[in-house]
Each structure stands twice: as C-alpha cells, then as structure tokens.
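[1] Okay, predicted coordinates and the sequence, questions at the end:
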Amino acid sequence: METGSDSDQLERVFLRLGHAETDEQLQNIISKFLPPVLLKLSSTQEGVRKKVMELLVHLNKRIKSRPKIQLPVETLLVQYQDPAAVSFVTNFTIIYVKMGYPRLPVEKQCELAPTLLTAMEGKPQPQQDSLMHLLIPTLFHMKYPVESSKSASPFNLAEKPKTVQLLLDFMLDVLLMPYGYVLNESQSRQNSSSAQGSSSNSGGGSGIPQPPPGMSFYAAKRVIGDNPWTPEQLEQVSHTVCS
C-alpha cells in the first residue's frame with residue numbers, strides 16, 4: 001500500500017472500491033489491496049482496526065454478490081502461514097481463503113492443493129477442518145503420477161505424519177456421511193440442553209435431527225462445513241477417498 005498513515009491508506013482503498021464500476025476493476029483492487037489491508041488488523045490503533053472492519057464489511061457485500069470475482073488466494077495462503085502473523089490476522093485471512101478457493105479454476109485449485117495441506121500444520125483444529133473441507137473435493141480432479149515413489153507425490157506426506165492422521169480421520173468421517181444429510185445444529189443443541197436434568201428425554205429426542213450412525217455431532221458438522229457439498233460432490237469425494 002502507498003506511504004502515509006494507516007488511516008489515510010485505508011481511506012484511499014475505500015475510494016478505489018467506490019470508483020470500481022466493473023468486476024475486472026473490483027478484482028484488480030481486491031488482488032492488490034486485500035492482503036495488506038488484512039495485515040492492518042494487527043495495528044495497535046483501535047481506530048485503524050475499526051476502519052479495516054468497515055472496509056471488509058463493504059468488501060464482503062460486493063464479493064458475495066459477484067461470484068465470478070477472483071480473490072488472491074495464493075498470496076493469502078502465504079500470509080496465513082507466516083509464523084510472525086498475529087492470530088487476529090490469520091483468523092480473518094482464512095475467511096477469504098475459504099471464500100476464494102472454490103471460485104478458482106479447477107486447475108488452480110489442484111495447483112494450490114499441496115499448499116492447503118502444508119497450511120494446516122500447527123493451526124487450530126477448526127481451521128484445519130476448514131482447509132480439509134476445501135482440499136478433499138480437489139483430490140478428485142488431481143492427476144497423479146503412475147510411479148508411487150516419494151519424489152513423485154505432490155504432497156510429501158511422509159514428512160507430515162500429524163497432517164496425514166488429520167487427513168485420514170477426516171476421510172473416515174466423509175465415508176460415514178450419508179448423501180444429502182442435513183444436520184440442524186440449533187435443534188441438536190436445544191435437544192442436548194433439554195435432555196440435561198430431564199429423565200423423560202433419556203430415551204432420545206424423537207424427531208430431532210441426530211448425527212449419522214457412527215459419527216459424533218462434531219464429526220458431522222465438520223464434514224458438512226460452512227458450504228455443504230451437494231450429493232454429487234459427496235459422491236465424488238467418497239469415490240476419491242475409497243481409491
């Protein structure tokens with residue numbers, strides 16, 4: 001971003017966004033300014049952080065109404081993995097990774113798939129689950145070398161035993177998930193609360209959605225994710241996991 005105070009820089013970004021009339025202009029502004037704007041969330045000045053939040057709210061409205069707008073996912077993933085980044089920055093950065101990755105062409109998603117796997121290392125489990133939810137469908141579209149040698153693998157899994165275990169656990173939950181299953185979180189929570197101290201509910205909540213057999217509520221929730229897969233996508237994912 002240009003030189004000057006953080007507040008002045010953010011005001012200039014606001015102006016540029018306001019003058020963007022086409023999707024191409026908006027995408028260019030987002031690609032250039034979104035990563036550095038997110039870094040401003042680490043500012044010690046409350047006014048700057050507030051201004052960033054206002055800008056992001058405005059940006060989100062415009063992005064969500066334009067599904068073809070591409071986000072700088074590759075740059076965001078690098079920023080997300082920066083060990084020097086504060087948690088406030090990474091927590092917001094992954095929001096835009098989750099928003100932007102599914103918009104990418106399939107070829108670009110496949111190219112960034114190994115980076116998603118690397119980005120999981122050392123992150124909080126909810127964020128690992130979110131990245132896994134992005135990664136798994138991509139595996140169906142990737143091209144794998146005939147040789148099974150370590151050097152031929154795009155993921156270097158032998159060097160990531162903890163990540164491999166995360167991947168296997170997630171894949172097992174995927175296999176247990178029925179096609180088209182919908183989990184009503186609010187109702188399940190109400191059932192859990194009402195069941196405490198009430199012997200009449202000890203036999204189970206009739207009519208209240210429950211996790212599929214063999215799955216916990218958390219396991220079902222993380223497979224469904226923020227953007228549930230369609231039955232067709234889940235079938236592709238399950239095929240990938242089995243193969």
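    Looks like it came in fine.
[2] only C-alpha atoms for contact and neighbour calcs from this point on.
    Noted.
[3] pLDDT weak spots in this protein?
    1-4, 146-153, 184-209, 243 (pLDDT under 70).
[4] what ranges do the strands span in it?
    For the chain, strands defined by DSSP state E do not occur.
[5] Dead centre of it: give me the residue that sits there.
    The centroid of the chain falls nearest to K98 when counting by CA atoms, centre = their mean (3.2 Å).
[6] quick one: contacts for that residue?
    Contact partners of K98, counting by CA atoms under 8 Å, 6 or more residues apart in numbering, are 130-131, 134.
[7] quick one: which of these is nearest A20?
    Nearest to A20 among the contacts of K98 is L134, at 29.6 Å by CA to CA.
[8] contacts for stretch 37-55?
    Contacts of stretch 37-55 with the rest of the structure, by CA under 8 Å, 6+ apart, involve 6-7, 10, 14, 86, 88-89, 92-93.
[9] So among those residues, which ones count as buried?
    6-7, 10, 14, 89, 93 (16 or more other CA atoms under 10 Å).
[10] for the protein, what's the longest helix?
    helix 46-64 (DSSP state H).
[11] And the contacts of stretch 37-55, which two are furthest apart?
    Taking CA to CA as the measure, these have their most distant pair in F14 and V86, spaced 24.1 Å apart.
[12] Where do the helices of the chain begin and end?
    6-19, 23-39, 46-64, 73-80, 87-100, 106-119, 125-139, 161-176, 185-195, 217-224, 231-242.
[13] got the angle for the fifth one vs helix 46-64?
    Meaning helix 87-100. 10 degrees (axes from the mean of the first three to the mean of the last three CA atoms, to 10 degrees).
[14] Kindly report the same for the first one.
    In terms of direction (the same axes, to 10 degrees), helix 6-19 departs from helix 46-64 by 20 degrees.
[15] Buried residues of helix 6-19, list them for me.
    The neighbour-count check on helix 6-19 (16+ other CA under 10 Å) flags 6-7, 10, 13-14, 17 as buried.
[16] ok, now the longest one?
    Buried residues in helix 46-64, counted by 16+ other CA under 10 Å: 48-49, 51-53, 55-56, 59, 63.
[17] Run the chain-centre distance for it.
    Chain-centre distance of helix 46-64: 19 Å, with CA atoms, centre = their mean, to the nearest Å.
[18] got the angle between it and helix 23-39?
    150 degrees.
[19] now do the first one
    With the same axes, to 10 degrees as the criterion, the two stretches helix 6-19 and helix 23-39 enclose an angle of 160 degrees.
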